[in-house]
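Visitor: Give me a 3D structure for the following:
(chains A, B, C and D)
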There are 2 protein chains.
Amino acid sequence: MYVRQVMENARHTETAIEETLRVVGDRWSILLVRAGLRGIRRFDDFCDDLGIARPVLTERLRRLVKFGIFERRKYQDKPVRYEYRLTEAGLALSPALVALVRWSEEYSQELSSDVTLVHAPCGTELEQAFWCRSCQSTFGPSAVKGVTSSIDL
Amino acid sequence: MYVRQVMENARHTETAIEETLRVVGDRWSILLVRAGLRGIRRFDDFCDDLGIARPVLTERLRRLVKFGIFERRKYQDKPVRYEYRLTEAGLALSPALVALVRWSEEYSQELSSDVTLVHAPCGTELEQAFWCRSCQSTFGPSAVKGVTSSIDL
DNA sequence: GAGACTGAGTTCGGAATCCGAACTCAGTAG
DNA sequence: CTACTGAGTTCGGATTCCGAACTCAGTCTC
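Guide: Down below sits the predicted model:
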């Protein structure tokens, strides 16, 4: 059960996460995705929900649209109005978001009673696992922890 | 070893991820964790590896130590020297990191061959799944996507 | 039809962060 | 004595962030 890496790590070429974090790795972007998952779509609602400054929101949404995470679509003509919806790529960030939520739950103290993600059918707390399709095997983050030093992320 | 909250919130009560992202949600912190996972421990090595400005690195490491993600430990006495090691909490961020890597692989265009995480025993690409311990069932991110709108992240 | 309101922004000046480059400080090696 | 190392600190300038106020088109209320 080792996670291995197949790559040649060149010096100057940017790696995947580096590039990704350049898009999504600021204080607001992930929060915007989360807001999108919660159904928020309109400019002012993002603004109120997150308490983000308007100019920053403008710039951030523009960038997320440019990188295909949000889509800007007209939802009204009379006075022309636009809303922001998560694309498929944006929705695909949810596992990362869930992982962060799980981490928060476990390691972040002094949180008021907050969300606890559960498996809807049975109510048991969700765990995030690594899963090999061909082996049909599942192993949890704890198993991964043990090998992290040998992972080349 | 727990992350505790220090900041005040102005308008609404802070949720788990909001707090977490306040600690880890800047351009460098996650990259620092990743570097830590790759075995980097010394100040200058972080500096060279990430190309982060030294004053920023100082501040960031201090904060990550304060929040229990890194540990600053002396590794030499003669000239006293310190290194930074990931704590258990820090290592526990790896699932989130892996989720981001997976996302990058799939959705980040203009990225040529980069890292591909595989299941070492069989060489199959890793998938990240959600796993219910009591049901013994595993389901992929795609299944989760369907529920995200009803999840309160 | 005058005034208030709405939603999606833009403009502003000041505050906070970021940056690279050069400096410090203790100890060590030649 | 000089050079070097590792872990920072200090510096000035550039960038980004912020809240508050403004714009602009259309719409609702009186």
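
Visitor: Tell me where chain A has strands.
Guide: Secondary structure of chain A (DSSP state E): strands located at A:3-5, A:70-76, A:81-86, A:126-132, A:137-139.

Visitor: Least reliable of those by average pLDDT, please.
Guide: Mean pLDDT per stretch puts strand A:3-5 lowest among the strands of chain A, at a mean of 31.

Visitor: right, is stretch A:80-98 up against chain B?
Guide: Yes - part of stretch A:80-98 sits near chain B under the criterion Cβ under 8 Å from any Cβ of the partner chain, namely A:Ala89, A:Leu91, A:Ala92, A:Leu93, A:Ser94, A:Pro95, A:Ala96, A:Leu97, A:Val98. C-beta here means a position set from N, CA and C on the backbone, and glycine is covered the same way.

Visitor: Among the residues you listed, find me the one that's closest to DNA strand C.
Guide: Within those, the smallest distance to DNA strand C is 19.5 Å, found for A:Ala89 (Cβ to the nearest atom of the strand).

Visitor: Who are the contact partners of the nearest residue to that closest one once chain neighbours are set aside?
Guide: Spatially, and ignoring its direct neighbours in sequence, A:Ala89 is nearest to B:Tyr107 (4.2 Å; Cβ to Cβ, 6 or more residues apart in numbering or on different chains). Residues near B:Tyr107 by Cβ atoms under 8 Å, 6 or more residues apart in numbering or on different chains: A:Gly68, A:Ala89, A:Ala92.

Visitor: confidence score at the first one?
Guide: In the prediction, the pLDDT value recorded for A:Gly68 is 94.

Visitor: any idea how far the nearest residue to it once chain neighbours are set aside lies from A:Phe67?
Guide: Leaving aside its chain neighbours, A:Gly68 sits nearest to A:Ala89 (5.0 Å; criterion: Cβ to Cβ, 6+ apart). Distance of A:Ala89 to A:Phe67, given as Cβ to Cβ, to the nearest Å: 8 Å.

Visitor: same deal with A:Arg22?
Guide: In this view, A:Arg22 and A:Phe67 are 9 Å apart by Cβ to Cβ.

Visitor: Who has more neighbours out of those two?
Guide: When neighbours are counted by other Cβ atoms under 10 Å in any protein chain shown, A:Arg22 and A:Phe67 differ, and A:Phe67 comes out ahead with 20 against 14.

Visitor: residues from chain A in reach of DNA strand D?
Guide: A:26-28, A:51-56, A:59, A:78-80 (Cβ under 7 Å from any atom of the strand).

Visitor: of these, list those near DNA strand C.
Guide: Restricting these to those near DNA strand C by Cβ under 7 Å from any atom of the strand leaves A:Arg54, A:Pro55, A:Pro79.

Visitor: The residue nearest to the first one when sequence neighbours are not counted - how many residues pack around it?
Guide: The shortest distance from A:Arg54 to any residue that is not its chain neighbour, by Cβ to Cβ, 6+ apart, is 6.0 Å, and that residue is A:Cys47. Close neighbours of A:Cys47, defined as other Cβ under 10 Å, add up to 16.

Visitor: ditto for A:Arg54
Guide: A:Arg54 has 11 neighbouring residues, counting by other Cβ under 10 Å.

Visitor: from the ones next to DNA strand C among the residues of chain A next to DNA strand D, which is closest to A:Arg34?
Guide: Using Cβ to Cβ, A:Arg54 comes nearest to A:Arg34 of those, at 19.1 Å.

Visitor: Isn't the closest one up against A:Asp48?
Guide: No - taking Cβ atoms under 8 Å as the definition, A:Arg54 is not a contact partner of A:Asp48, at 10.8 Å.

Visitor: my read: A:Arg73 touches A:Glu83, true?
Guide: Yes - if you go by Cβ under 8 Å, A:Arg73 and A:Glu83 touch, sitting 6.2 Å apart.

Visitor: Looking at the two, which is more packed in?
Guide: More crowded of A:Arg73 and A:Glu83, by other Cβ under 10 Å: A:Glu83, with 17 against 10.

Visitor: Please tell me how far that one sits from A:Arg72.
Guide: Taken as Cβ to Cβ, the span from A:Glu83 to A:Arg72 is 8 Å.

Visitor: Hmm, the residue nearest to A:Gly68 is touching A:Phe70, no?
Guide: No - counting by Cβ under 8 Å, A:Ala89 does not reach A:Phe70; the two are 9.3 Å apart.

Visitor: which of those two has more neighbours?
Guide: Ranked by neighbour count (other Cβ under 10 Å), A:Ala89 and A:Phe70 place A:Phe70 first, with 25 against 18.

Visitor: picking up where we left off before, relative to DNA strand D, which of the residues of stretch A:80-98 next to chain B is nearest.
Guide: A:Leu93 (18.9 Å).
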